[in-house]
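[1] here is a sequence together with a model predicted from it:
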Amino acid sequence: NKFFYSYDELKVQLIENQNLLNQIQPDLVISDFRLTMPMACQLAQIPCLNLTDFHWSPLSSPQFPLPDNKVTRFFGFTLSSIFARPVVQIQMRFWHQALNRLRTDYGLVPFKELRQAYTDGDYLGYVGFPREENQVALPPNHFYVGPLLWRNQESQLSLPPRARPSLILLSLGSSGYSQHLEPILRALSELDADIIYAASRSLVPKTLGRACFYQMEFVPIHQWLPFCDLMIGNGGSATVWAALSAGKPYLAVYSNFDQALNVLRFRRLGVLEGQSTLNLNFKEITQAAEAMLSHSPHRLAALKYKRQFELLGGEEWTKFQFRRLMSAPQKRMSL
């Protein structure tokens, strides 16, 4: 409904960035959604690599999914679906006015639309695999960097003993709607599965229906995904790519615009199903999970992406992409 930051907040960020660059004097800056960092780099004449998803690229076809927010909840799913596309199109041209005002004050050209603000920089690194979608040829300063798998330090937690035929990991993350977690768990109790879920406290009995539940404050997803059969999350890039890199299908319960774009993208590729929190149907979540636990097309598609990443060289290929750029940093280029 509103831009992430006010003009004053953006100006403070920009000054902090400038002070940091002056102190470190880097040859290259790698930025991930710090919207004022490419500005600071441009003013300091330092090359900047911006990491993003391809669906934010100005080269991608515009998508206008329906997010879950106060406006769409006020008007309801059906009515919001009718006017969402034209409203979002207008919003993407004016939503970032505070950022454009700051750019103008510093003598920089304002952005015409939101996607330009999200992909500012000299180089654009798309998180994902090359040629995963039919798309236009990329300019020389655009390239794929692989899934960029997030990892915490190795956890000493042990995987609970298997009591059921299937194992599900469920984490809605910090940007998920936590109020939906308990009803989702109760719906999933119809499955003959062990279900490990991330929550600050226990929400359901350990044994409920046909399922066995394990509550944990922290779930070491990257360590346990290879042993599970299905990942349920909020549709964010980090957990989707973690699941695909382990060859596991993904069921998304998504809410915000970025998550909705992810679901559109990966649903087309056949590896994911999802439901918006704006129009949540718990019975359909159970049915989707049950189907994805069987030998469904989603499982085969997820395994295909795991093999593709392995054929590329896995994380060594990702490291090579960064080494290639850092070995010969160039002057600032226009995207």
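    That came through, no problem.

[2] so what's the most centrally placed residue in the chain up against?
    Centroid-nearest residue in the chain: Ser237, 2.3 Å away (criterion: C-alpha atoms, centre = their mean). By C-beta atoms under 8 Å, 6 or more residues apart in numbering, Ser237 lies in contact with 53, 127, 258, 262. Using the backbone N, CA and C atoms, a C-beta is placed for each residue, glycine as well.

[3] which members of those residues are the farthest-apart pair?
    Val127 and Asp258 (12.0 Å; C-beta to C-beta).

[4] run through the helices of the protein in chain order.
    Secondary structure of the chain (DSSP state H): helices located at 7-24, 37-44, 70-75, 77-94, 97-105, 114-118, 181-188, 221-224, 237-245, 257-268, 282-293, 297-312, 315-327.

[5] need the contact partners of stretch 166-184.
    With contacts defined as C-beta under 8 Å, 6+ apart, stretch 166-184 is touched by 68, 185, 188, 191-199, 203-204, 219, 221, 224-225, 227-234, 236, 239, 253, 255-256, 259, 277, 280, 282, 285, 289, 293.

[6] where in the stretch 51-200 of the chain is pLDDT low?
    In the predicted model of the stretch 51-200 of the chain, residues 83-94, 131-135, 152-155, 174-177 satisfy pLDDT under 70.

[7] Leu172 and Ser294, how far apart?
    24 Å (C-beta to C-beta, to the nearest Å).

[8] ok, Gly173 next?
    26 Å.

[9] cool, and Leu59?
    Distance of Leu59 to Ser294, given as C-beta to C-beta: 37 Å.

[10] who's more crowded, these two?
    Set Leu59 next to Ser294 and count neighbours by other C-beta atoms under 10 Å: Leu59 wins out with 16 against 10.

[11] from what I can see that one touches Ala137, true?
    No - with contact defined as C-beta atoms under 8 Å, Leu59 does not reach Ala137; the gap is 9.0 Å.

[12] quick one: contacts of stretch 218-232?
    With contacts defined as C-beta under 8 Å, 6+ apart, stretch 218-232 is touched by 149-152, 154-155, 157, 159, 166-171, 184, 193, 196-198, 239, 242-243, 246, 248-253, 289, 292-293.

[13] and what of stretch 301-321?
    Here stretch 301-321 makes contact (C-beta under 8 Å, 6+ apart) with 125, 129-130, 132, 143-149, 243-250, 269-271.

[14] now list the buried members of these.
    Using 16 or more other C-beta atoms under 10 Å as the burial test, the contacts of stretch 301-321 include 125, 129, 132, 143-149, 243-250, 270-271 as buried.

[15] circling back to that earlier point, could you export the helices of the chain as TSV, including distance to Gly209?
    Formatted as TSV, those follow (distance: least, C-beta to C-beta, whole Å):
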stretch	distance to Gly209
helix 7-24	47
helix 37-44	49
helix 70-75	30
helix 77-94	28
helix 97-105	49
helix 114-118	43
helix 181-188	8
helix 221-224	23
helix 237-245	25
helix 257-268	27
helix 282-293	10
helix 297-312	23
helix 315-327	39
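
[16] tell me the most buried of those?
    Neighbour counts (mean count of other C-beta atoms under 10 Å) averaged over each of the helices of the chain peak at helix 237-245, with a mean of 24.

[17] now that one: average pLDDT?
    Averaged over helix 237-245, pLDDT sits at 91.

[18] before we move on, what about stretch 327-335?
    52.

[19] nearest residue to Arg201 other than its sequence neighbours?
    Spatially, and ignoring its direct neighbours in sequence, Arg201 is nearest to Gln215 (7.1 Å; C-beta to C-beta, 6 or more residues apart in numbering).

[20] identify the residues contacting the one you found.
    197, 199, 201-203.

[21] now, the most widely separated pair of those residues?
    Tyr197 and Arg201 (11.0 Å).

[22] neighbour-wise, which of these two wins?
    Legend: neighbour count by other C-beta under 10 Å for Tyr197 and Arg201, higher for Tyr197 (23 against 6).

[23] separation between Leu293 and Met326?
    Per C-beta to C-beta, Leu293 is found 43 Å from Met326.

[24] name the nearest residue to His142, ignoring sequence neighbours.
    Once flanking residues are discounted, His142 sits nearest to Leu124: 4.6 Å by C-beta to C-beta, 6+ apart.

[25] report how many residues lie close to the one you found.
    Residues lying near Leu124 (other C-beta under 10 Å) number 25.

[26] who are the contact partners of it?
    Leu124 sits next to 49-50, 52, 57, 141-143, 335 when contact means C-beta under 8 Å, 6+ apart.

[27] now rank those residues by neighbours and give me the top one.
    When neighbours are taken as other C-beta under 10 Å, the top entry among these is Asn50 (25 neighbours).
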